[in-house]
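Colleague: Provided below are the primary sequence and the corresponding predicted coordinates.
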Amino acid sequence: MSFLSQLNPQQREAVETTEGPLLILAGAGSGKTRVITYRIAHLIENLGVMPESILAMTFTNKAASEMVERVDKLVGGLSIAKPVISTFHSFCVRVLRRDIEALRIPSAVPGNPPIGLSKQFVIYDEADQQQLVKSVMRRLGIDDKQTTPRAVLAHISWAKNHMLDPQEFYLQSSDPKTEKVAQIYAEYKKELAKANALDFDDLLLEAVRLLKAVSEVRDYYNRRFHYVLVDEYQDTNRPQYELMRLLAGTRHNICAVGDEDQSIYSWRGADIRNILEFEADFPEAKIVRLEQNYRSTQNILQAASAVVANNLKRKGKNLWTSRQGGTKVGYYEAPDGENEALFAADYVSKYLRESIERGENARAAVLYRTNSQSRLFEEAMRRYQLKYHVVGGFSFYERAEIKDLISYLKVIHNVDDSIALLRVINTPVRGIGKATMEILEQIAFETGASLWSAIGEAIRRQLLPHRALGALKSFRDLIEDGRAMLAGNYVERLERTAQPTWGQPPSAVQRSEAPQTSDPADDQIAFDPAAFDFGTEDNAGEGARATPDDGEPFRTPGAPASTAEILKFLIDRTGYIKQLEAEDTPEAYSRVENLQELVNAAMDSRDRGETLDQFLDHAALVSDADAYDEHAQITLMTLHAAKGLEFPLVILAGLEEGLFPHSRTFLQPDDIEEERRLCYVGMTRAMDTLILSRAIYRRRYGTDLPEASVPSRFLEEIPPQLVEELGVPRRQAARTRVPAPQTQAHYSYEDEDQSASWTGQNRPPAKAYSGRTYNSIENIAEFFASRGKKFNVAKLPVEEPKGKRGFRPGQKVRHPKYGEGTVYQREGEGDEAKITVQFPRFGLKKLMEKYAQLERA
DNA sequence: CCCTGGTCCCAACTT
DNA sequence: GGGACCAGGG
């Protein structure tokens, strides 16, 4: 009971109103998360509600895990049962994995399998979706120059977010272009079904459809969950809204928390009406407003409020803070983007140093509108030797090598996943080229089956040249072996096929054991937590592997192999890592490291007792925002990713018309309002200091000449008395000529006398990035690798060439095209021999000795 | 059949 | 700044 005394009267009212619909309008920094977690704790501790009958839904995994942690602190140790705190998407995946087969309908043809997805469905990410749309468009003969797959996908997603199926979408389309999109949408949907796959939007849609269509399933959840909380309610879309209503059942114990001023996801289908019309949906609803801000100073709050006050579509509120005054909002006008970034680095480093000296919370964030802005800030931070953390951009699971291996797992998990299959069928190359693939696709199309079936068909009916068939067979064997490992009958398969293809056969005692059925206790009493394992762990029932057994592939013979074991098998058998190591470039080694990291992730997953499909779900559902590290001193991220966070210092960069607000939003007044809310979100992240900045000249694409920018309209919306201009007087900006592209020296502060400017004494070190001099070739390669660039370091000649006819390093040779050169290196033997030759005019060339018509010179 | 280099075209936010 | 695609050489 004691923790309730830590709340203000409004917060307390929100916490103690447990029955019936409740809308909590929580202004920025008003203690929203605190209210949600205390409310859960109150239900459990004071009212004796069973934890597992509480469901809280958030948007990001990060928000969910923070909530879990905080609830744990409040009621920790009280009970093993836990409330279910999950993202919408993860929740839906769990619901679907359990019961999606209830949506199946029997086939019209007796004996045929039922129509509809199986529990083994896979989740398609954006890249997968694009591939699929592209192939559909190709087949329909639609020119992808005029209508890009990207644009089509955006339309499809829009339709899904508004719960329109292809027919409905077609009926409402008014122009030929949209009609075409509807046609693609219909085909796309069929293809997904064929692949036993769902895209992100489907996860929500299908869960809603399931709950609507199957009353047993709905009843199950209604018996199970008595209290439902929804976080970030302003950002829910139509399917999420319906899901919430379905889960609320007849009890209507629904608690929605949100702030209409922070609605920033309308492009994802978020419907601000959900929050504005909550009372209409639930007439008996109670509304509590949290208007005391505990985060920001008065100056910051006033400035932010003044901006958002220009919006028409809002309920309006009066946020107040007891933190009177505070430093003014800073505004810095940089001559260009590079300077803006250097200013930020300079300011942050000074700020952090001073904070640390005063023993204060030393954390800062640079926020921007678009991910591509991060590059300049990263470079500036490195120049100042500051450690920073970037949220977003390229995520781990988007790396090519990671996607390759994940795709292998996907195919093993579900052979009909044609998109994954396409990705790996010739990766690493095994001689399955374009011609072969065209025939396979033809077969698949004609038989109406997946590519996998087409492979079987092609082999059975000998529809391809010998060599292609061989390659296909070896691919099929690889996948079948993986599947056998997964099913736990690898040994049987080995004995049956009598050709051990991989390493040494596991020293296993053969045991015929059916692949574990995932959930034998499907229909249990409503509140057995084990029956519905939403928790973070505790799947550790019957099927779980024993202790970790790194090193040896099989400790439990005959049992299904873990994801990690299958991964190791794949890496070994495909020679993926070996091939990378042979490349012998910094980039290749960093890929190897990534793969090792993937195996580690799989081991962690196994230790949590997860199965392959759970591992794949995780890989599909982790997001960039989840990579946020709260201990990092400096964080760079987009405004969207910053939602829900707070920092003592916030630098909000790129306040320019066209960038922020973004040019794509100019046409629609509603879109501009959303940009303004985004600005509000950004400004209210700041606790003590808020700096806004803008570049007078900005380069749009790497090489183009910089363009002059117009200050963002949001700047003018801030009352001038709250703002203080920082740094360089205007004359300096005027003096700045349009810089020639890529001339680093121009921006170094030593160039111009700016001792009186904002740079103060804290000059950037003269050395290049991270203070290292990159003078040797290895260093340069390392530098490029650290920036994700390709840079091949020629291997020093170490081996003695053995070939009798071969050319030796040092020899002079003549090439018909490149002229005379000197042999630098020789690799491989016989037909495989490659020699690297230094040509005076053309540089290093790696040539196949067999083909290149080299002569002695 | 694979690899490289050149060219074209794109570039908002994210579960 | 970079991904996708294509042509040409090995």
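Modeller: Good, I have the coordinates. Worth saying up front: this structure is predicted, and the values here are computed from it rather than measured. Numbering: from 1, shown residues only, chains lettered A, B, ... in the order given.
Colleague: so which residues of the stretch 501-650 of chain A form strands?
Modeller: All strands of the stretch 501-650 of chain A, identified by DSSP state E, counting those that start in this stretch, fall at A:634-638, A:647-652.
Colleague: now swap in the stretch 151-300 of chain A and tell me
Modeller: For the stretch 151-300 of chain A, strands defined by DSSP E, counting those that start in this stretch occupy the ranges A:197-199, A:227-230, A:254-258, A:286-290, A:292-293.
Colleague: so which of those strands gets nearest residue A:105?
Modeller: Among the strands of the stretch 151-300 of chain A, strand A:197-199 comes nearest to residue A:105, with 17.2 Å by Cβ to Cβ. Every C-beta, even on glycine, is put in place using the N, C-alpha and C of the backbone.
Colleague: quick one: closest of the strands of the stretch 501-650 of chain A to DNA strand C.
Modeller: For the strands of the stretch 501-650 of chain A, proximity to DNA strand C was assessed by Cβ to the nearest atom of the strand; strand A:634-638 is nearest, at 15.2 Å.
Colleague: for the closest one, the averaged confidence score.
Modeller: The average pLDDT for strand A:634-638 rounds to 92.
Colleague: just checking: what are the partner strands of it?
Modeller: Using DSSP bridges, strand A:634-638 pairs in its sheet with strand A:364-368 (parallel), strand A:389-390 (parallel).
Colleague: out of the strands of the stretch 151-300 of chain A, which is closest to DNA strand C?
Modeller: DNA strand C lies closest to strand A:197-199 among the strands of the stretch 151-300 of chain A, at 17.4 Å (Cβ to the nearest atom of the strand).
Colleague: can you list the strands that that closest one pairs with?
Modeller: Partners of strand A:197-199 in the sheet, by DSSP bridges, are strand A:122-124 (parallel).
Colleague: say whether DNA strand B is contacted by the partner strand.
Modeller: No: using Cβ under 7 Å from any atom of the strand, strand A:122-124 stays clear of DNA strand B, with a minimum separation of 10.0 Å.
Colleague: show the pLDDT at residue A:183.
Modeller: 90.
Colleague: wait, it sits on residue A:170?
Modeller: Yes: counting by Cβ atoms under 8 Å, residue A:170 is a contact partner of residue A:183 at 7.5 Å.
Colleague: what residues does the stretch 51-200 of chain A have near DNA strand B?
Modeller: So far as Cβ under 7 Å from any atom of the strand goes, the stretch 51-200 of chain A lies against DNA strand B at A:59, A:60, A:87, A:88, A:89, A:90, A:126, A:148, A:150, A:200.
Colleague: give me the subset of the residues you listed lying in helices.
Modeller: If you go by DSSP state H, those have A:88, A:89, A:90, A:126, A:150, A:200 in helices.
Colleague: ok, the fifth one - contacts?
Modeller: Residue A:150 is in contact with residue A:130, counting by Cβ atoms under 8 Å, 6 or more residues apart in numbering.
Colleague: farthest-separated two in the residues of the stretch 51-200 of chain A next to DNA strand B?
Modeller: With Cβ to Cβ as the measure, no two of those lie farther apart than A:90 and A:148, at 30.6 Å.
Colleague: with neighbour numbers in mind, choose between those two.
Modeller: Using other Cβ atoms under 10 Å as the criterion, residue A:90 and residue A:148 rank with residue A:90 on top: 19 against 15.
Colleague: and the residue of the stretch 401-550 of chain A nearest DNA strand C?
Modeller: For the stretch 401-550 of chain A, Cβ to the nearest atom of the strand, closest residue to DNA strand C: residue A:434, 9.5 Å.
Colleague: where does that residue land on pLDDT?
Modeller: Per-residue confidence at residue A:434 stands at 77 (pLDDT).
Colleague: now the residue nearest to residue A:628 when sequence neighbours are not counted, what are its backbone angles?
Modeller: Leaving aside its sequence neighbours, residue A:628 sits nearest to residue A:391 (Cβ to Cβ, 6 or more residues apart in numbering; 5.1 Å). Backbone torsions for residue A:391, taken as degrees, to the nearest 10, come to phi -100, psi 130.
Colleague: again, but for the one 10 residues further on
Modeller: Per-residue torsions, residue A:401: phi -70, psi -30 (degrees, to the nearest 10).
Colleague: quick check: it vs DNA strand B, distance?
Modeller: As judged by Cβ to the nearest atom of the strand, to the nearest Å, residue A:401 and DNA strand B stand 14 Å apart.
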